[in-house]
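Asks: Provide a 3D model corresponding to the input given below.
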Amino acid sequence: MDSRVSQLPGFGPADLELLRKVEAGLSITADVSRADVLLCTPFARQQALVAVHALPSSISSLYRKDATGRILHAAEQPLLFQSLSSGSGGRRRREVLSDGAPVIQDVFPIHSEDGRVLGALLVETNMIAHERQRRRSRYFRQAVVWLQEMCVRGELASAAALGTFSLYDGIYMVDATRTVVYMSGIAANLFRSIGILPRTHGQPLASLEPYDVQLVERVFASQLCQAERVESQEGRTWVRSAIPLRMPAIRWRNYWLALPWTPFTPGGEHGVEAVLVLLHNATEAVQKERELNVKSAIIQEVHHRVKNNLQNIAAILRIQARRTQNEEARQHLTDAVNRVLSMSVIHEFLSQDEHRPINVRDVCQRIANQVTQVSARPDQEILIQVQGPSVRLPASQATPLAMVVNELLLNAVEHGLKDRAQGTIRILLEDLGDTVRIEVVDDGAGLPADFDPTQIGQTLGLQIVQTLVTDDLKGTLQLESIRAEEQSAPAGTTARVTLPKRNSRSG
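Replies: Model prediction:
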C-alpha cells in the first residue's frame, strides 16, 4: 500500500514510521467500527490537515467524497484541537452535525515515543450506527475500543494485508482461554450453513472448524494479523481474517495503568487478550471469477483461431495475386492481403488479453512490417518508421484504427512513392490527453494538383479511411501536401487523423 503520510513535512523518520503504521490500520478500524476514521496532523496555526481518510466498507460513509487533503479549522473541530494542544488521553465525545445528521465524534491523540503529539484520530459514527453498537455484546464493544486504541499506537501495521470487512460479513471473538465470547448473527448463519450449531458465547473454539483453530493459534503465537482463504471439497470458499486484540494502557504520571472495566480475563499470551475473526463467504464471487476466466479463455482461443484463419485467407489471396496476369487485379488482391493481415494483428493482440487496452504503437509497427513485405516492389527500398509514445486504446478503437493506418500506408506506397526507387514513410503518434493524433507522412510526390480536400473518398482506400475515421472513431481526417522550403513543388504528403479517446469499459 502506498503511504499517504510518507511525504508529510515537519516529521522525523521515527514519527513518519509511526504514522505509517497508524495509516495501515485505518481501513480495518473503520470497517469494524462502522465509522469514518480520519488521521489528522497539525498544519498551521488553528488548522489541521486530514492526512488520510478511511471510508468504511461496512456502512455508508458520512462524507460524499474522500476528505483526504481537507483543512480543518479550530472553530469547527474544538475537540480535535484540544487533543492536539493538550495531548490528553482517553476518549472524548460530542455530537456534531454533518449535513443535518447527528454524528458521534471520538478523538484519540497520537503520541510519539517521547510524548509529543503527532496528530489525532477522528472516529465519526452516525447516531443510528452508534445506537446499534451500544446494543451489541459488551465483549464486542470493548473489542472495538481496543481496536481503535491499537490503531492509534500503530499496532495494526500488519492489518494492511487484510481485506475489507463488509456489511454482510460475519465476526466472532475468542479470548485467551480459546472460548468464543461473541459471535454475530451473520457468523452464526455461516456456520449453520455447514452443519455447525454455534452459540452466541461460551462455546469452545475447538467446536468450530479446524481452520478456525489453526488461524487463531497462529495469531496468538505471532501477535500479528493473519488471513486465510479456504476452499472446501464441497465447493465453498471462505476468507478468514484474524486480528490480535491487546488491552490498552494509559500513561499517567509516568505509570502505566490498565484501563478500567474489561469483560475479558487478563493474562493473554504475549499481551494478546483476544482474537477477532472476520468471516467472508467468497463462494459466489469465486464461482463468478472462475466462470469469467473460463469465458475469457474461450474468447481468447476464438481470437487466436480467427487470427489463424485470417492469415490463411491472406496466404490464399497472395497465391492468387502471384498467379494472375492482370496487373490491376494483382494490385487489388495485394491490397486485400494487407487489409486481412491488419485485422489479424488486432485479433492476435486480443488473443493475449481481451480486456487489456491495445498498444497502438505496437500495432502500427506490425502493420508497417506487413506493408513493407507485401506491397513494396522488389526494386523498391521503402523504410517505414514508427515514432512517438505508446498509446493504449480499447479494441473497439484499435480495430478500425489499424485498418486506417493500413490504408494510409498503402495509399502512400501506391501513390506517393509509386515512381520512387527509395522512400520513407513515418507514422507519428501523439497522446494529447483526451485525444490521440496519428500522422502518416511520406516524402513522395505529394497530392495531385487537382486534389479536392472535400472529395477525399474518391478512391476505395481513402473512402474506407474516411468512413472508419468519421463513423467508427468519431474523429477527423486531413490530407495536405508538404512544401519544400526552397521550392514550391510538393515534397511529400501528410495524412492526419485525430480521434477522441474512448473509455475502455464503454468501448
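
Asks: quick one: the helix or strand hosting Ala285 to chain centroid distance?
Replies: In this structure, Ala285 is located in helix 283-323 according to DSSP states H and E. How far helix 283-323 lies from its chain's middle: 27 Å, per CA atoms, centre = their mean, to the nearest Å.

Asks: after it, next one along is what?
Replies: Under the assignment DSSP H and E, the closest C-terminal helix or strand after helix 283-323 is helix 327-352.

Asks: After that next one, which helix or strand is next?
Replies: Later in the chain than helix 327-352, the nearest helix or strand by DSSP H and E is strand 358-359.

Asks: Name the next helix or strand following that following strand along the chain.
Replies: Sequence order places helix 360-374 as the next helix or strand after strand 358-359, per DSSP H and E.

Asks: Mind listing what's buried along that next one?
Replies: Judged by neighbour count using 16 or more other CB atoms under 10 Å, the buried positions of helix 360-374 are 360-368, 370-372, 374. For the C-beta atoms, the positions are set from N, CA and C on the backbone; glycine is no exception.

Asks: helices or strands up against that helix?
Replies: If you count contacts as 3 or more CB pairs under 8 Å, 6 or more residues apart in numbering; DSSP states H and E, helix 360-374 packs onto helix 327-352, strand 381-387, helix 395-411, strand 422-431, strand 435-442.

Asks: pLDDT value on Leu190, please?
Replies: Per-residue confidence (pLDDT) for Leu190: 91.

Asks: mind listing what it touches?
Replies: Under the criterion of CB atoms under 8 Å, 6 or more residues apart in numbering, the neighbours of Leu190 are Gly170, Trp238, Leu279, Asn281.

Asks: 10 Å instead, please
Replies: Taking CB atoms under 10 Å, 6 or more residues apart in numbering, we find Leu190 in contact with Asp169, Gly170, Tyr172, Met183, Ser184, Ile196, Pro198, Arg236, Trp238, Leu279, His280, Asn281.

Asks: so where's the stretch 201-350 of the chain uncertain?
Replies: Scanning the stretch 201-350 of the chain for pLDDT under 70 picks out the ranges 233, 248-270.

Asks: Also the stretch 401-507 of the chain?
Replies: The model of the stretch 401-507 of the chain has pLDDT under 70 over residues 452-458, 483-490, 503-507.

Asks: Strands along the stretch 101-250 of the chain, start to end?
Replies: Listed in chain order, the strands of the stretch 101-250 of the chain (DSSP state E, counting those that start in this stretch) span 101-111, 117-126, 170-175, 179-183, 203-204, 226-231, 237-246, 249-252.

Asks: Among those strands, which comes closest to Gln463?
Replies: With CB to CB as the criterion, Gln463 lies closest to strand 237-246 of the strands of the stretch 101-250 of the chain, at 54.7 Å.

Asks: Now do that closest one against strand 226-231, angle only.
Replies: Going by axes from the mean of the first three to the mean of the last three CA atoms, to 10 degrees, strand 237-246 is angled at 160 degrees with respect to strand 226-231.

Asks: Can you show me the CA trace of strand 237-246 as PDB?
Replies: Taking Å, rounded to 0.1, in the frame of the first residue of the first chain, the C-alpha atoms of strand 237-246 are listed here in PDB:
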ATOM      1  CA  THR A 237     -14.800 -20.600  -0.200                       C
ATOM      2  CA  TRP A 238     -14.400 -18.700   3.000                       C
ATOM      3  CA  VAL A 239     -11.900 -15.900   3.700                       C
ATOM      4  CA  ARG A 240     -11.000 -15.600   7.300                       C
ATOM      5  CA  SER A 241      -9.100 -12.600   8.700                       C
ATOM      6  CA  ALA A 242      -7.900 -12.600  12.300                       C
ATOM      7  CA  ILE A 243      -6.800  -9.600  14.400                       C
ATOM      8  CA  PRO A 244      -5.000  -9.800  17.800                       C
ATOM      9  CA  LEU A 245      -6.500  -7.600  20.500                       C
ATOM     10  CA  ARG A 246      -4.400  -6.100  23.300                       C
END
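
Asks: What is it packed up against?
Replies: helix 26-33, helix 138-152, strand 170-175, helix 210-222, strand 226-231, strand 272-281, helix 283-323 (3 or more CB pairs under 10 Å, 6 or more residues apart in numbering; DSSP states H and E).

Asks: quick one: average confidence on the second one?
Replies: Within the predicted structure, the mean pLDDT of helix 138-152 is 91.

Asks: For it, list every residue counted as buried.
Replies: Using 16+ other CB under 10 Å as the test for burial, helix 138-152 gives 139-140, 142-152.

Asks: Between those residues, which sits nearest Thr467?
Replies: Nearest to Thr467, judged by CB to CB, of the buried residues of helix 138-152 is Cys151 at 59.9 Å.

Asks: which residues does the nearest residue to that closest one once chain neighbours are set aside contact?
Replies: Distance criterion CB to CB, 6 or more residues apart in numbering; nearest residue to Cys151, sequence neighbours excluded, is Gly25 at 4.0 Å. By CB under 10 Å, 6+ apart, the contact set of Gly25 is 37, 39, 54, 121, 147-148, 150-160, 162, 225, 243.

Asks: helix, strand or coil for Trp6?
Replies: Wrong residue type there; residue 6 is Ser, not Trp. coil (DSSP: H, G, I helix; E, B strand; the rest coil).

Asks: burial measure for it, as a count.
Replies: Using other CB atoms under 10 Å, Ser6 has 12 other residues around it.

Asks: is Gln47 in a bridge, and if so with what?
Replies: The partner list for Gln47 in beta bridges (DSSP bridges) reads Ala44, His73.

Asks: So for Val405, which of the helices and strands packed on strand 237-246 sits nearest?
Replies: With CB to CB, the closest approach to Val405 among the helices and strands packed on strand 237-246 belongs to helix 283-323: 16.7 Å.

Asks: Quick one: list the elements packing against the helix holding Ala285.
Replies: Partner elements for helix 283-323 (3+ CB pairs under 10 Å, 6+ apart): strand 226-231, strand 237-246, helix 327-352, helix 360-374.

Asks: relative to helix 360-374, how tilted is it?
Replies: In terms of direction (the same axes, to 10 degrees), helix 283-323 departs from helix 360-374 by 20 degrees.

Asks: Just want the angle from helix 283-323 to helix 327-352.
Replies: Orientation check (the same axes, to 10 degrees): helix 283-323 against helix 327-352 gives 160 degrees.

Asks: Leu479 touches Leu462, doesn't it?
Replies: Yes - judged on CB atoms under 10 Å, Leu479 makes contact with Leu462 at a distance of 7.9 Å.

Asks: How about the contacts made by the spatially most distant residue from the centre of the chain?
Replies: Distance from the centre of the chain peaks at Gln325, with 57.0 Å (CA atoms, centre = their mean). Neighbour list for Gln325: empty [criterion: CB under 10 Å, 6+ apart].

Asks: Domain map for the chain?
Replies: 1-134, 168-281, 283-356, 371-507 (automatic domain parsing).

Asks: residues near Ile298, how many?
Replies: Neighbours of Ile298 under the rule other CB under 10 Å: 10.

Asks: Identify the residues contacting Glu301.
Replies: Applying CB under 10 Å, 6+ apart to Glu301 gives the contacts Ser351.

Asks: From Asp362, how far off is it?
Replies: Per CB to CB, to the nearest Å, Glu301 is found 21 Å from Asp362.

Asks: same check, this time on Thr177
Replies: On the measure of CB to CB, Thr177 and Asp362 end up 62 Å apart.

Asks: now swap in Tyr139 and tell me
Replies: Tyr139 is 59 Å from Asp362, where distance means CB to CB.

Asks: can you check Lys65 too?
Replies: The gap separating Lys65 from Asp362 is 37 Å, by CB to CB.
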